[in-house]
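Asks: one predicted model, sequence on top.
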Amino acid sequence: MKHLELFAGIGGFRHALDLIQQDLGVEMKCVGFSEIDSNARATYCANFHPTDEEVDIGDIVAFTSNKKNIKALPKFELLTGGFPCQTFSMMGSQLGFEDQDRGQMFFRILDILKVQKPKYILLENVKNLYNHDKGNTFKVIKRCLEDLGYDIYYDIFNTCDFHLAQTRNRVYILGIRGQHKRDIDFSAKSIKAHFDGIFEQTSLEKQNSVLDVLEQEVPNKYNLSERIKPTILSDGSGSFKSNSEINQDPARPLTATMHKMHRACQDNYYSLGYIHTRGADNPVTNLSKEDLCQLDIRRLTPKEAMMLQGFPHTWSQNAQEAHVSEGALYKQAGNAVSVNVVYAIMNYLLETGIIK
């Protein structure tokens, strides 16, 4: 199956499809990809080594502005993409389609679909997309895809239900062209049940707990300073209240801004005692916030963040060898799609014959 990966980031869709090929023997060939962020492109290329046969779309706005570019794309059966989500996110501006840059990226997908008309599409976005603008944004997306001849199915998938130690709710949208409203079960519940039955035979990263990812020894630079710990553990002040906790298992949703050191109500921090005792010593059960500040606490490493998204431990190493900074790697992990979820969906669609 030939596929086009839009808004590729560091290649979550592609890596999942590569593993599908490895495990099921179904040929998966990427014919092209789009990604405008130079650091994400560097990580992508360091891990996939795209060939000259693949179309490097680059800036999708510039590319789709010329219809000849779209017509010249190699034929493909599957279009994938996690189109920019900050404009729909609870953590972002929530401007939606009113955002003249990121909010308009969905329509660039339509530009390609109108010309190329692939049989299948699989898109990912934040959970809030479904409720944004009282549901009107999602209705527009669904109607636009249906107007192009696609039957649309969707549900919300939580990463931690697919053997990755991170809570992360995302909406996935499946489009099948020319099915004429075939009755398809695309529920997260059914796909999880299928995935649980085949998981041990897959080549995916296998995590039962965040402790399967956290390394026992890491450089001191990941430890929190005495100055920052009270801020990280603060429960807020004035009208802003938060529930700041460390040692979360599964981990909180990774964010693109985790490298900027927010609060423990948003990002993930772990005490060294918790890590070294494999969770047997969890001081959050009996210590005050003031006492917790006296402990040695660290943040995730880029390697751990990537692994919580289902990428192998080599992903961040290859990127760093390509001179990608740690700050960029954190951002990339926070923006990535969860590999295991994409794998579970595609395995289910192939094994049940929904995709042929």
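Replies: All right, it came through fine. Numbering: from 1, shown residues only.
Asks: tell me where the stretch 101-250 of the chain has helices.
Replies: Using DSSP state H, counting those that start in this stretch, the helices of the stretch 101-250 of the chain run over residues 105-116, 136-147, 188-198, 229-232.
Asks: for those helices, which one sits closest to residue 251?
Replies: Distance to residue 251, taken as C-beta to C-beta, is lowest for helix 229-232 among these, at 15.1 Å. Just so you know, the C-beta spots here come from the backbone N, C-alpha and C atoms, and that holds for glycine as well.
Asks: state whether residue 266 is indeed within a strand.
Replies: No: counting by DSSP: H, G, I helix; E, B strand; the rest coil, residue 266 is not part of a strand but coil.
Asks: list the contacts of it.
Replies: Shown in contact with residue 266 (C-beta atoms under 8 Å, 6 or more residues apart in numbering): 242, 252, 255.
Asks: now residue 20. Nearest residue, chain neighbours left out?
Replies: residue 346 (5.4 Å; C-beta to C-beta, 6 or more residues apart in numbering).
Asks: that neighbour and residue 39, how far apart?
Replies: 27 Å (C-beta to C-beta, to the nearest Å).
Asks: that older thread, any chance of the contacts of residue 266 in JSON lines, with distance to residue 132, neighbour count and pLDDT too?
Replies: Formatted as JSON lines, the contacts of residue 266 follow (distance: C-beta to C-beta, whole Å; neighbours: other C-beta atoms under 10 Å; pLDDT from 0 to 100):
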{"residue": "242", "distance to residue 132": "23", "neighbour count": "14", "pLDDT": "71"}
{"residue": "252", "distance to residue 132": "22", "neighbour count": "17", "pLDDT": "96"}
{"residue": "255", "distance to residue 132": "18", "neighbour count": "20", "pLDDT": "94"}
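Asks: looking at these, which is nearest residue 280?
Replies: Nearest to residue 280 among those, with distances taken as C-beta to C-beta, is residue 252, at 21.7 Å.
Asks: what residues are up against that closest one?
Replies: Applying C-beta under 8 Å, 6+ apart, the residues contacting residue 252 are 166-167, 266-268.
Asks: ok, now residue 224?
Replies: Applying C-beta under 8 Å, 6+ apart, the residues near residue 224 are 232, 269, 297-299.
Asks: ditto for residue 242
Replies: 234-236, 263, 265-266.
Asks: distance from the chain centre to stretch 178-185, please.
Replies: 27 Å (C-alpha atoms, centre = their mean, to the nearest Å).
Asks: could you give the mean pLDDT of it?
Replies: Mean pLDDT, stretch 178-185: 81.
Asks: give me the below-cutoff pLDDT ranges for the stretch 201-350 of the chain.
Replies: The model of the stretch 201-350 of the chain has pLDDT under 70 over residues 236-241.
Asks: where do the strands sit along it?
Replies: 236-237, 240-241, 269-271, 297-299 (DSSP state E, counting those that start in this stretch).
Asks: for the contacts of residue 252, give me CSV that also has distance to residue 304.
Replies: Converted to CSV, the contacts of residue 252 look like this (distance: C-beta to C-beta, whole Å):
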residue, distance to residue 304
166, 10
167, 16
266, 17
267, 12
268, 9
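Asks: for PyMOL, what selects the buried ones among these?
Replies: The PyMOL selection below is limited to those of the contacts of residue 252 classed as buried (16 or more other C-beta atoms under 10 Å):
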select buried, resi 166+167+267+268
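Asks: and residue 13, what does it touch?
Replies: Contacts of residue 13 (C-beta under 8 Å, 6+ apart): 3, 5, 80-82, 122, 337, 342.
Asks: tell me the least confident of those?
Replies: Confidence-wise, residue 82 trails the rest of the contacts of residue 13, at 92.
Asks: give me the nearest residue to that one, chain neighbours excluded.
Replies: That would be residue 124: by C-beta to C-beta, 6+ apart, it lies 4.1 Å from residue 82.
Asks: against residue 191, how distant is residue 185?
Replies: Distance from residue 185 to residue 191, by C-beta to C-beta: 8 Å.
Asks: between those two, which is the more surrounded one?
Replies: Looking at residue 185 and residue 191 with other C-beta atoms under 10 Å, you find the greater number of neighbours at residue 191, namely 24 against 13.
Asks: wait, the more buried one sits on residue 344?
Replies: Yes: using C-beta atoms under 8 Å, residue 191 is in contact with residue 344, at 5.5 Å.
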